[in-house]
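Student: I would like to see how this sequence folds:
(2 chains)
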Amino acid sequence: MLEALPQILIFGLILGGAYALASLGLGLAWGIMHVINFAHGEWIMISMYSTYWLTVLFGLDPYFAIPVNIAFGGLIGFLSQRHLVEPVLKGGATATILSTLGLSSIMIGVTQALWKSTPRNTPNWYVETALGIGPVRLSLAHLMAFAISISAITFIYLFFKRALIGKAILATSDLIGDPEVAGLVGIDVVRTRTLTLILAGVSTGVAGTLIGTFYYVYPYVGLTWSLICFVIVVLGGLGSFKGLLIAGLIVGVLEGLGSLALGAAYGYILVYAVFLLILYLRPRGLMGRRA
Amino acid sequence: MGSALLKKLALMAAPGLAIPLLFRLAGQTYVVYVITLIFFWAYLAQCWNIVWGYAGLLSFGHAAFLGMGAYTSTILFLNYGISPWIGMFAGGAAAILLALVVGYPTLRLRGVYFALATIAVAEIVRLLALKLDFLTGGALGLLLPITRSPLLFQFDDIFHWSLIALAMLLILSAVSHAIENSKLGMALRAVRGEEEAAASIGIYPFRYKMMALLMSAFFTAIGGTFFAQLTGYIRPDIILTVERSEEILIVALVGGTGAFIGPVIGAIILLSLRQAILALLGGGYAGAHLIIYGILIILVVRFMPGGVYYYLMRAIAGFRSGTR
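Tutor: Numbering: from 1, shown residues only, chains lettered A, B, ... in the order given. Just a heads-up that it's a prediction; the model follows:
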């Protein structure tokens, strides 16, 4: 059991990078707009499907799905903001939860009606190519996912720190800035909210593509991903990129340790149990500002 | 318990008895079965509404309480021959314990964290039910032997099932009414309105929210036993999934959560729609009802917050004052 430990730790950290990117969109909408997107897992699910179909139907390399999923994810984010989130925003967090829950239900229903419940693996040579580093073996697909995730997170981080629109978005968050003052100084608050959800959709689209290269997709897969992302965002703390990244890595490792202790497929028990513990001990997360 | 309550209960009981009886006499047993399901879902939605309607807490984990009831009574019956009539109270007790585990860390936090914690707990319960297969039968689940003995909570005639479901619904409605008009109900309303103000006059939110959660968990577990007995078969992917929890809350929210009749209306709407879809499309389009449910909840949140019941009441009131 002990000799499996280095493999589990390294694999968990690598997986955790992709987890962090997968959670980024959820964390942005939550931290900036107080919108908890219950369709987040289904956003991931749909870009996994799109990766699958682009690869299978056109024989493309799965990473060619990234630009498609960026566009598609941005579109879903835009439409969700305009039709599901903005109109019910005055109803508070609950109204947006229920509104996006409706979207999640529709997306599960449509994919199930179209493609049945069959789990599908995106065929690609990256996942079949294993690289050995000492006692640790990792597939190229996992390594690529880690590298692309870290780059994407860095890119979005710099966007918020450097770009004017990024700073404007942060100013409208009442966690970091102040929405009323932001409105007074001439920032179009609705537009920044739309941009936030577009950005959430884009990052989720990229994450879905990466996850699709090594994880099977079926209509209900989003529930698992939603939950993992909720755990990461809460664990990391709202409003912190660093917290999110660290939380992603922790959850990746926890899942591996859980699988080792409880058997494959049961690793999430440990993740969820730690989540409850965090809620009890430190509800604002590792590095979060006060919620 | 005033005469107002008796009148309301009689208004529910009379058609609740007469309609299934008529269909039973006409030999339409399938319709009676659907009506039984409507009663059952209305009951579950009312259970859920104890935590939402009165304490303002959004639970996504009621399937876990349902499963606690179903599994506890079934395991007690299969392993020890204990009648589910008794086992269902053991299930209720088990659900109360689980509710303490969920509530203790989260009821002091904002509602959103409660919602997320309930999903996590429900998923832990589902995974444990899969893992502890020596007890729960794992993914294959548990099959109840057919005894047709009322002493073992089994009935031959679907009309009798509908009577039990109706009785459960009426009892819970009476309990809901009692809560609404009790000190607990007033405290809960105060807590829902403004927590800090409530605390300043000596109403401590945590205690009252916990009481609402425990009560809701107990009654949901009783429903779990009923479901296990009715279908004779329980499996994690039937009874313990997040989708199951979401269905319960969609029934309640679409119907309306301010009064105990709301969830009944929600159950009538959604279950009838579901049966209609099944009849029109057959079992092949597994996702169709999810699409309809999704559209409905989006429309209700946006255009009739408070649910269909409130919307209808307002419309009727508006119509009356308009014609005067």
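Student: Please list all residues in contact with A:G237.
Tutor: A:243, A:247, A:284-289 (Cβ atoms under 8 Å, 6 or more residues apart in numbering or on different chains). C-betas here are computed from N, CA, C, even on glycine.
Student: how does it look with 6 Å?
Tutor: A:243, A:284-288 (Cβ atoms under 6 Å, 6 or more residues apart in numbering or on different chains).
Student: Just send those residues back as a markdown table, with neighbour count, pLDDT and secondary structure too.
Tutor: Output for the contacts of A:G237, formatted as a markdown table (neighbours: other Cβ atoms under 10 Å in any protein chain shown; pLDDT from 0 to 100; DSSP: H, G, I helix; E, B strand; the rest coil):
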| residue | neighbour count | pLDDT | secondary structure |
| --- | --- | --- | --- |
| A:G243 | 23 | 90 | helix |
| A:R284 | 17 | 79 | coil |
| A:G285 | 23 | 80 | coil |
| A:L286 | 17 | 78 | coil |
| A:M287 | 18 | 76 | coil |
| A:G288 | 23 | 72 | coil |
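Student: of all the residues you listed, which comes closest to B:K183?
Tutor: B:K183 lies nearest to A:R284 out of those, by Cβ to Cβ, at 34.1 Å.
Student: Phi, psi for that closest one please.
Tutor: The phi/psi pair for A:R284 (degrees, to the nearest 10) reads phi -90, psi 10.
Student: where are the low-confidence patches of chain A?
Tutor: A:1, A:174-177, A:289-291 (pLDDT under 70).
Student: What parts of it come near chain B?
Tutor: A:87-88, A:93-95, A:98-99, A:102, A:105-106, A:108-109, A:112-113, A:223, A:230, A:266, A:269, A:272, A:275-276, A:279-280, A:283 (Cβ under 6 Å from any Cβ of the partner chain).
Student: And B:L22, how far from A:M45?
Tutor: 45 Å (Cβ to Cβ, to the nearest Å).
Student: The two: which has the busier surroundings?
Tutor: A:M45 (28 against 12; other Cβ atoms under 10 Å in any protein chain shown).
Student: what kind of secondary structure is A:T118 in?
Tutor: Per DSSP: H, G, I helix; E, B strand; the rest coil, the secondary structure class of A:T118 is coil.
Student: just the helices in chain A please.
Tutor: A:5-33, A:40-58, A:65-80, A:92-115, A:125-128, A:140-162, A:164-171, A:179-184, A:189-212, A:221-236, A:241-262, A:267-281 (DSSP state H).
Student: for the last one, packing partners?
Tutor: Translated: helix A:267-281. helix A:221-236, helix A:241-262, helix B:84-106, helix B:111-131 (3 or more Cβ pairs under 6 Å, 6 or more residues apart in numbering or on different chains; DSSP states H and E).
Student: Same question for the first one.
Tutor: Packing contacts for helix A:5-33, counted by 3+ Cβ pairs under 6 Å, 6+ apart, involve strand A:136-139, helix A:140-162, helix A:189-212, helix A:221-236, helix A:241-262.
Student: If you compare the directions of that helix and helix A:40-58, what angle comes out?
Tutor: Orientation check (axes from the mean of the first three to the mean of the last three Cα atoms, to 10 degrees): helix A:5-33 against helix A:40-58 gives 110 degrees.
Student: how far does helix A:5-33 sit from the chain's center?
Tutor: 7 Å (Cα atoms, centre = their mean, to the nearest Å).
Student: before we move on, what about the fourth one?
Tutor: Offset of helix A:92-115 from its chain centre (Cα atoms, centre = their mean): 17 Å.
Student: again, but for the third one
Tutor: A distance of 14 Å separates the C-alpha centroid of helix A:65-80 from that of its chain, computed with Cα atoms, centre = their mean.
Student: and it, C-alpha only, in PDB?
Tutor: Presented in PDB, the C-alpha positions along helix A:65-80 are these (Å, rounded to 0.1, in the frame of the first residue of the first chain):
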ATOM      1  CA  ALA A  65     -11.800  21.100 -29.600                       C
ATOM      2  CA  ILE A  66     -10.400  23.800 -27.300                       C
ATOM      3  CA  PRO A  67     -11.200  26.800 -29.600                       C
ATOM      4  CA  VAL A  68     -14.600  25.300 -30.400                       C
ATOM      5  CA  ASN A  69     -15.300  24.900 -26.700                       C
ATOM      6  CA  ILE A  70     -14.000  28.400 -25.900                       C
ATOM      7  CA  ALA A  71     -16.500  29.800 -28.300                       C
ATOM      8  CA  PHE A  72     -19.300  27.500 -27.200                       C
ATOM      9  CA  GLY A  73     -18.600  28.000 -23.500                       C
ATOM     10  CA  GLY A  74     -18.600  31.800 -23.900                       C
ATOM     11  CA  LEU A  75     -21.900  31.600 -25.700                       C
ATOM     12  CA  ILE A  76     -23.500  29.400 -22.900                       C
ATOM     13  CA  GLY A  77     -22.100  31.900 -20.400                       C
ATOM     14  CA  PHE A  78     -23.500  34.800 -22.300                       C
ATOM     15  CA  LEU A  79     -27.000  33.300 -22.800                       C
ATOM     16  CA  SER A  80     -27.100  32.100 -19.100                       C
END
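Student: which residues touch that helix?
Tutor: A:43, A:47, A:50-51, A:54, A:197-198, A:200-202, A:204-206, A:209.
Student: Which of these are buried? Put it as a ChimeraX command.
Tutor: To isolate in ChimeraX the members of the contacts of helix A:65-80 that are buried, counting by 16 or more other Cβ atoms under 10 Å in any protein chain shown, one can use:
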select /A:43,47,50,51,54,197,198,200,201,202,204,205,206,209
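Student: ok, the contacts of helix A:65-80 vs chain B, which is closest?
Tutor: The closest of those to chain B turns out to be A:W43 (Cβ to the nearest Cβ; 14.4 Å).
Student: Looking at the contacts of helix A:65-80, which one is closest to B:F303?
Tutor: A:L197 (21.5 Å).
Student: which non-adjacent residue is nearest the one residue in the stretch 51-200 of chain B that gets nearest to chain A?
Tutor: Closest to chain A within the stretch 51-200 of chain B is B:P105: 3.5 Å, counting by Cβ to the nearest Cβ. Leaving aside its chain neighbours, B:P105 sits nearest to A:Y280 (3.5 Å; criterion: Cβ to Cβ, 6 or more residues apart in numbering or on different chains).
Student: Count residues in the vicinity of residue 40, would you?
Tutor: No chain specified, so I'll use chain A. Neighbours of A:H40 using other Cβ under 10 Å come to 29.
Student: looking at chain B here, not the other one
Tutor: 23.
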